[in-house]
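Enquirer: can you look at this prediction? I've put the sequence above it.
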Amino acid sequence: MGHSVFALVDCNNFYASCEKLFRPDLRCKPVVVLSNNDGCVVARSKEVKALGIKMGVPIFQIRDEIEQHGIVCFSSNYALYADLSSRVMSILEEEAPRVEIYSIDEAFMDLTGVAHTVDLLEFGRKVKARVDQHVGITVGIGIAPTKTLAKLANHAAKKYPATGQVVDLMSPARQRRLMALVDVGDVWGVGRRITEKLKARGIHTALNLADADPKTIRREFSVVLERTVQELNGISCLELEALAPTKKQIVCSRSFGQRITERSELREAVAKYMSRAAEKLRGEKRLARVVQVFVRTGVFNSSDPHYSGSLSVELPNPTDDTRDLLEAADVLFSRIYKAGYRYAKAGVMLTDFYEHGTYQHDLFRGSFERKQSKELMGVLDQINHSGLGSVFFASQGTSPQWAMKREHLSPAYTTRWEELPVVR
DNA sequence: TCTGGGGTCCTAGGACCC
DNA sequence: TCTGGGGTCCTAGGACCC
């Protein structure tokens, strides 16, 4: 309590930087990474940001800019990003006793214990240099007494090159000076809607928000925003969570490469997502009791008739067996499917999780657990993770027409032997 | 023609109970 | 016509994050 110190480490333009890492020829070239199906821009190199291309824009809207500026496009290569991320994170874990991996490209470090033994700015510079040297990814670092202020410090580290991308924001006077320059919408936890409401009340900067009355904010907004106000004032409300909390839900959903009109194809897609969700569930070492399936048409094209169907079911007993889950998903699917629509997306969700061995089986229905379920699922996961091949259920189909579009995929430089980069 | 995916937390309102 | 007070649990929806 009292004197926490957090560092927020954030990789610059992470996905775009990962792609550039293995393509030195692209060093100063504009690069974007696209979402699944090559739909929207999800990461931009600094050259692309400078061109004013916004995050999340559909690729078809910027065809001209791509052509004109020679922007290089990549499909998302998640395996590559995850691998480089874990390399960055292991370095951070060597440098601090406790690290919270907040997302694929961000982590909070707990510097509470070391703060009085080292110079924080120097410490930050050292961490940055180590990541740069060992992984080749550039990071920005913000250091402050609360997570929200550390985020703000990180924001400043990126915005002002003179900082060398490391900012120590422990001093309250510096906090106030910076907050006066930051738009309230750039504060962590303040999204578009709340920004609008705040500005209507005359709160325009982070400093305005810090100086607002917490009780009023709670009444007119929420306890969440009240916490933000406290955090901006150096009162730490958000703890560092070094142990990843177990998931409460698992979602697998995808937009299709092309619209689906065939029932059998849509059914295969649902089965495929269900199998993936079951794998994730076993990875979490949990059993799920509630299964949900949804299908829907596109939401952007208004000329096609819209339909969105979703249904969930509570299983008699929690399970992690792909066969049980597929069975449930199929029943739900047949109840929500309607012929005659052009489907754009489908997905499944698992919720209501239990640990193995803690669930009290229904006395009257008894335990229907399949024989050797654990063994079969174990072998299934093992084969699929070995890289030797893949085993799956027939209901998923073998040559989906609905597979994702990934026309600009980079090689798996770090995760497949055949695709290792070669230095000549 | 073409617009991502996967999470969390909070709140309001309804159902139900005593 | 007028019709209490308090609690729990669940769900849907909204807001946010990366």
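Expert: Looks like it came in fine. Since the structure is predicted, the reported quantities are computational estimates derived from the model, not experimental observations.

Enquirer: what about chain A, any weak spots by pLDDT?
Expert: A:1-2, A:359-369, A:387-389, A:398-401, A:424 (pLDDT under 70).

Enquirer: per-domain residue ranges of it.
Expert: Per automatic domain parsing, the domain ranges recorded for chain A read A:6-10+A:91-232, A:14-80, A:249-396.

Enquirer: so does the longest one get close to DNA strand B?
Expert: If I follow you right, that is domain A:249-396. Yes - remark: domain A:249-396 sits within contact range of DNA strand B at A:249-255, A:259, A:280, A:298, A:300-301, A:344-345, A:347, by C-beta under 7 Å from any atom of the strand. From N, CA and C alone the C-beta is placed, and that goes for glycine too.

Enquirer: quick check: the most centrally placed residue in chain A vs A:Gly39, distance?
Expert: For chain A, the residue sitting closest to the mean C-alpha position, by C-alpha atoms, centre = their mean, is A:Ser103 at 5.9 Å. Separation of A:Ser103 from A:Gly39 (C-beta to C-beta, to the nearest Å) stands at 21 Å.

Enquirer: tell me how far the residue nearest to A:Gly189 when sequence neighbours are not counted lies from DNA strand C.
Expert: Closest residue to A:Gly189 apart from its sequence neighbours, by C-beta to C-beta, 6 or more residues apart in numbering: A:Thr228 at 4.7 Å. Separation of A:Thr228 from DNA strand C (C-beta to the nearest atom of the strand, to the nearest Å) stands at 9 Å.

Enquirer: longest helix of chain A?
Expert: For chain A, the helix that runs over the most residues, judged by DSSP state H, is helix A:263-283.

Enquirer: which SSE is immediately downstream of that helix?
Expert: Where DSSP states H and E defines the elements, the next helix or strand beyond helix A:263-283 is strand A:286-297.

Enquirer: and that following strand with DNA strand C, contact?
Expert: No - using C-beta under 7 Å from any atom of the strand, strand A:286-297 stays clear of DNA strand C, coming no nearer than 7.9 Å.

Enquirer: what parts of the stretch 101-250 of chain A come near DNA strand C?
Expert: Listed as neighbours of DNA strand C in the stretch 101-250 of chain A under the rule C-beta under 7 Å from any atom of the strand: A:102-106, A:151, A:188-195.

Enquirer: strands - which of the residues you listed land there?
Expert: In strands, defined here by DSSP state E, the members of these are A:Tyr102, A:Ser103, A:Glu106.

Enquirer: wait, which of the residues you listed is closest to DNA strand C?
Expert: Using C-beta to the nearest atom of the strand, the shortest approach to DNA strand C within these belongs to A:Ser103, at 3.2 Å.

Enquirer: need the three-state assignment for A:Ser310.
Expert: Three-state call for A:Ser310 (DSSP: H, G, I helix; E, B strand; the rest coil): strand.

Enquirer: what residues are up against it?
Expert: Listed by C-beta atoms under 8 Å, 6 or more residues apart in numbering, the contact set of A:Ser310 reads A:Gln292, A:Val293, A:Phe294, A:Val295, A:Ile336.

Enquirer: what do you get for A:Ile235?
Expert: By C-beta under 8 Å, 6+ apart, the contact list for A:Ile235 reads A:Thr146.

Enquirer: stretch A:305-324 near DNA strand C at all?
Expert: No - using C-beta under 7 Å from any atom of the strand, stretch A:305-324 never reaches DNA strand C; the gap is at least 7.7 Å.

Enquirer: mind checking the end-to-end distance for that stretch?
Expert: With C-alpha to C-alpha, to the nearest Å as the measure, stretch A:305-324 spans 33 Å from end to end.

Enquirer: isn't A:Asp132 up against A:Gly140?
Expert: No - judged on C-beta atoms under 8 Å, A:Asp132 makes no contact with A:Gly140 at a distance of 11.6 Å.

Enquirer: now A:Lys215: closest residue in space, sequence neighbours ignored.
Expert: Excluding the flanking residues, the one nearest A:Lys215 by C-beta to C-beta, 6+ apart is A:Glu226, at 7.7 Å.

Enquirer: in three-state terms, label the one you found for me.
Expert: Under the three-state scheme (three-state DSSP), A:Glu226 adopts helix.

Enquirer: over to A:Ile383?
Expert: What three-state DSSP gives for A:Ile383 is helix.

Enquirer: any idea how far it lies from DNA strand B?
Expert: Separation of A:Ile383 from DNA strand B (C-beta to the nearest atom of the strand): 21 Å.

Enquirer: what about the closest residue to that residue other than its chain neighbours, how many residues close to it?
Expert: Counting by C-beta to C-beta, 6+ apart, A:Ile383 lies nearest to A:Val391, which is 5.0 Å off, once chain neighbours are set aside. Other residues near A:Val391 number 11, with proximity taken as other C-beta atoms under 10 Å.
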